[in-house]
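K.L.:
build the 3D model from these lines:
(2 chains)
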2 protein chains.
Amino acid sequence: MDTPDVLAWRDGYIEALDQTALPHQVRVQRITTVDQLVDAITTLAVRGAPVLGVAGAFGVALAVRQGGREGWDRARLDAEVKRIADARPTAVNLRREVSAVASWIPEGRAAVEAAALAVAGTAVTASEQISRRGAAYLRQACGSGRLRIHTHCNTGSLACLGWGTALGVIRALHADGALEHVIVDETRPLLQGARLTCWELGQLGIEHRLACDGAAPFLISQAVAGVVGADRVAANGDVANKIGTYSLALAAQAAGIPFLVAAPESTLDAATPAGSAIPIELRADEEVTGSAAPAGTRALNYAFDITPAELVSAVVTEDRLILPG
Amino acid sequence: MDTPDVLAWRDGYIEALDQTALPHQVRVQRITTVDQLVDAITTLAVRGAPVLGVAGAFGVALAVRQGGREGWDRARLDAEVKRIADARPTAVNLRREVSAVASWIPEGRAAVEAAALAVAGTAVTASEQISRRGAAYLRQACGSGRLRIHTHCNTGSLACLGWGTALGVIRALHADGALEHVIVDETRPLLQGARLTCWELGQLGIEHRLACDGAAPFLISQAVAGVVGADRVAANGDVANKIGTYSLALAAQAAGIPFLVAAPESTLDAATPAGSAIPIELRADEEVTGSAAPAGTRALNYAFDITPAELVSAVVTEDRLILPG
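P.N.:
Predicted coordinates for the structure are as follows:
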């Protein structure tokens, strides 16, 4: 799975695995302009909160290169960089890493590129630390047997580089011989669970079963824990994550099992006091209505939901285990 | 929507709207043999708990006709009738109405057909009574404004003949000018919400929005009540209904809004003490994996889930309003 790279800086352009083509096609995109990057982000060819952070970092480097070729002034460069930051609203990582790398612009192209590569390196390291700490937490919380874990959406290499967040925790349990199997929600409307997580688990040889999102709350009682990633964690501990997470958290509470959120520190947003202040991306109706609904049907296509802090057993990051209260 | 009929006895055979072809094609099937009927039921061309009861009733009449043509003895007839009763396990209506109409076999073909037609007539009448009683309950429970209602799967004319159960309640609210709009879960894997409920609501001119099943628990707080049908209600009040119902009920409880189950008396099963004793149909993996998941992916495709009685505010039938406790 390390070949091809999910997202890489190739000295002047970005190479990205097109996640809309998986699992049936492994297709690499060459991204040489801000337009192409914004398009890749909005269509979810490049996705996953930590990967969006890296894409934002690489995006600043890309904008500096394009600006050099096309003779942009600083105002134009800033405007292009802002378009990258604004390409999707919910994952705080995108905006944060764009801003961090953009602060190096006055130091010149080499400094910007070094900063962008450092963001990618940190993402990989963080992901392994999150994975190991999360696995240790679950082995302590759920006992010493082989664990059945329920997860939602895609939070592996494709979303995070490295091992992943929630899927990294699952991978670490597997590496320790402490995993029985994984129940994966299909994660409508774009089916990142069915398409991407099943693909990653297949590559890793990890036993798994796919379930409809609506089945997840019923099935979670067959698992010993729910583990998900996050797009943003508010200061009060409320978690924005892929739509369907809230129902899984409610069901975990009803089943009396732990619900773990695995996310890098860059996902924690001290500036947002509570989940109600997190902007929730509302995407096109057609992603939901597809070819099934009658023509002209309107949808409510929120891409994320908010899980209140009281439903989260713990948030694990590369630095710490955050317990409620 | 009254033309063509959803399900009708045509003096010797059954005519059924093929619900797998909706909403894009309005196709009527002529069913002349038990084989064809069992196939229509297992593929969900004919579906919905109350309609399954009527299909079972008509099925006995059909078996008697086919047995007459083909010279079946009583043992063969009983075996064919049992195949109809066993075509799907969860909705108690199918088995119950097959058994009720089969008890007329000794009285001859005319008696069987009269009994079968009576089951259909009762279904239509019951559905209107359920609809009006359910609407009155919601107007009392949720106040006098125009109500926003969240529903799951399909429970209208297509599922019930007549007005429907949960969708009948919605239709009655609309007729009274007491409905603002409806949020419809798409209801994976077979999308009966997206395909059938949106189609029925469109025909009725009722404002609606489609949502992914995973979004339902997040969106229900925008509604004043959740209303669903049932495939079986156990003696203790636990409800088996389309997969995804349980998560909606959990979310309704979390949002502090009523969760109403609308179902005919024939769905109440005094012989099943609790939800844990209701057989849950496990359907083919391919309905979930479809073309999205990698080839060979296994699924867990339970067609129904169990909502514990304590999450149900009331069960409304054609005869009564059953409140918990």
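K.L.:
list phi and psi for the nearest residue to A:Ala21 once chain neighbours are set aside.
P.N.:
What sits nearest to A:Ala21 in space, not counting adjacent residues and going by CB to CB, 6 or more residues apart in numbering or on different chains, is A:Arg27, at 4.4 Å. To be clear about C-beta, it is placed using only N, CA and C from the backbone, and glycine gets the same treatment. Phi and psi for A:Arg27, reported as degrees, to the nearest 10, are phi -120, psi 130.
K.L.:
got a list of what A:Arg27 touches?
P.N.:
A:Leu17, A:Asp18, A:Ala21 (CB atoms under 8 Å, 6 or more residues apart in numbering or on different chains).
K.L.:
what about it, distance to A:Glu15?
P.N.:
Separation of A:Arg27 from A:Glu15 (CB to CB, to the nearest Å) stands at 11 Å.
K.L.:
equivalent analysis for A:Ala274, please.
P.N.:
38 Å.
K.L.:
quick check, A:Met194 in contact with A:Leu210.
P.N.:
No, residue A:194 isn't Met; it's Ala. Yes - using CB atoms under 8 Å, A:Ala194 is in contact with A:Leu210, at 5.7 Å.
K.L.:
walking through the stretch 51-200 of chain A, point out its helices one by one.
P.N.:
A:74-85, A:92-102, A:109-142, A:157-160, A:166-175, A:192, A:198-204 (DSSP state H, counting those that start in this stretch).
K.L.:
follow-up on the earlier one: closest to chain B among the contacts of A:Arg27?
P.N.:
A:Ala21 (12.1 Å; CB to the nearest CB).
K.L.:
phi, psi of the closest one?
P.N.:
Taking degrees, to the nearest 10 as the convention, A:Ala21 sits at phi -90, psi -20.
K.L.:
pLDDT wise, what is it at?
P.N.:
A:Ala21 is assigned 95 on the pLDDT scale.
K.L.:
try A:Pro217
P.N.:
The model's pLDDT for A:Pro217 equals 86.
K.L.:
distance from the helix or strand hosting it to the middle of the chain?
P.N.:
Element membership of A:Pro217, judged by DSSP states H and E, is helix A:216-219. In this view, helix A:216-219 has its centroid 22 Å away from the chain centroid, taken as CA atoms, centre = their mean, to the nearest Å.
K.L.:
is that helix positioned near chain B?
P.N.:
Yes - residues of helix A:216-219 are located near chain B by CB under 8 Å from any CB of the partner chain, namely A:Ala216, A:Pro217, A:Phe218, A:Leu219.
K.L.:
out of everything not next to it in sequence, what's closest to the first one?
P.N.:
Right, A:Ala216. A:Asp185 (4.8 Å).
K.L.:
which stretches of chain A form strands?
P.N.:
A:7-9, A:14-17, A:28-31, A:147-151, A:179-185, A:208-211, A:225-228, A:232-234, A:239-242, A:259-262, A:268-269, A:304-307, A:314-316, A:321-322 (DSSP state E).
K.L.:
columns mean pLDDT and mean neighbour count on top of those strands, output as TSV?
P.N.:
Shown next, in TSV, are those (pLDDT from 0 to 100; neighbours: other CB atoms under 10 Å in any protein chain shown):
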stretch	mean pLDDT	mean neighbour count
strand A:7-9	97	20
strand A:14-17	97	22
strand A:28-31	97	17
strand A:147-151	97	26
strand A:179-185	97	24
strand A:208-211	98	25
strand A:225-228	98	29
strand A:232-234	97	26
strand A:239-242	97	29
strand A:259-262	98	28
strand A:268-269	96	20
strand A:304-307	97	25
strand A:314-316	98	23
strand A:321-322	97	14
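K.L.:
contact residues of the stretch 51-200 of chain A facing chain B?
P.N.:
A:His152, A:Ile183, A:Asp185, A:Glu186, A:Thr187, A:Arg188, A:Pro189, A:Leu191, A:Ala194, A:Arg195, A:Cys198, A:Trp199.
K.L.:
and which of those is nearest B:Ala270?
P.N.:
A:Ile183 (33.9 Å; CB to CB).
K.L.:
how far away is that closest one from A:Leu147?
P.N.:
12 Å.
K.L.:
now the contacts of A:Arg27 in TSV, with distance to B:Asp35?
P.N.:
Putting these into TSV (distance: CB to CB, whole Å) gives the following:
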residue	distance to B:Asp35
A:Leu17	48
A:Asp18	46
A:Ala21	42
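K.L.:
so what's A:Gly143 scoring on pLDDT?
P.N.:
Model confidence at A:Gly143 (pLDDT) stands at 85.
K.L.:
tell me which residues touch it, please.
P.N.:
A:Val224.
K.L.:
what residue of chain A is the furthest out?
P.N.:
A:Gly71 (34.2 Å; CA atoms, centre = their mean).
K.L.:
which residues does the closest residue in space to A:Glu207 that isn't next to it in sequence bridge with?
P.N.:
Distance criterion CB to CB, 6+ apart; nearest residue to A:Glu207, sequence neighbours excluded, is A:His181 at 4.0 Å. The partner list for A:His181 in beta bridges (DSSP bridges) reads A:Arg148.
K.L.:
and for the closest residue to chain B within the stretch 1-150 of chain A, the neighbour number?
P.N.:
Closest residue of the stretch 1-150 of chain A to chain B, CB to the nearest CB: A:Pro23 (4.3 Å). Around A:Pro23 there are 20 other residues, counting by other CB atoms under 10 Å in any protein chain shown.
K.L.:
so who does it touch?
P.N.:
A:Arg195, A:Leu196, A:Cys198, A:Trp199, A:Gly202, B:Ala293, B:Pro294.
K.L.:
also A:Ala254?
P.N.:
Applying CB under 8 Å, 6+ apart, the residues near A:Ala254 are A:Pro217, B:Leu250.
K.L.:
gap between it and A:Gly226?
P.N.:
From A:Ala254 across to A:Gly226, the span is 11 Å (CB to CB).
K.L.:
excluding chain neighbours, what is closest to the most centrally placed residue in chain A?
P.N.:
For chain A, the residue sitting closest to the mean C-alpha position, by CA atoms, centre = their mean, is A:Gly48 at 2.7 Å. Nearest residue to A:Gly48, sequence neighbours excluded (CB to CB, 6+ apart): A:Ala159, at 2.5 Å.
K.L.:
pLDDT score for that neighbour?
P.N.:
95.
K.L.:
check A:Gln203 too.
P.N.:
94.
K.L.:
A:Asp2 now?
P.N.:
pLDDT recorded at A:Asp2 is 45.
K.L.:
thinking again about what came up before, okay, the strands of chain A in a markdown table with distance to A:Arg83 next?
P.N.:
Output for these, formatted as a markdown table (distance: least, CB to CB, whole Å):
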| stretch | distance to A:Arg83 |
| --- | --- |
| strand A:7-9 | 18 |
| strand A:14-17 | 15 |
| strand A:28-31 | 14 |
| strand A:147-151 | 32 |
| strand A:179-185 | 32 |
| strand A:208-211 | 36 |
| strand A:225-228 | 29 |
| strand A:232-234 | 20 |
| strand A:239-242 | 22 |
| strand A:259-262 | 30 |
| strand A:268-269 | 21 |
| strand A:304-307 | 21 |
| strand A:314-316 | 31 |
| strand A:321-322 | 33 |
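K.L.:
for those strands, which one sits closest to B:Ala249?
P.N.:
Of all the strands of chain A, strand A:304-307 comes closest under CB to CB, at 17.0 Å.
K.L.:
show me what that closest one packs onto, helices and strands only.
P.N.:
strand A:239-242, helix A:245-255, helix B:216-219 (3 or more CB pairs under 8 Å, 6 or more residues apart in numbering or on different chains; DSSP states H and E).
K.L.:
next one: the first one to chain centre, how far?
P.N.:
Which is strand A:239-242. 10 Å.
K.L.:
for that strand, give me every contacting residue.
P.N.:
A:90, A:152-153, A:187, A:192, A:228-234, A:245, A:261, A:275, A:278, A:280, A:303-307, A:309, A:312, A:315, B:214.
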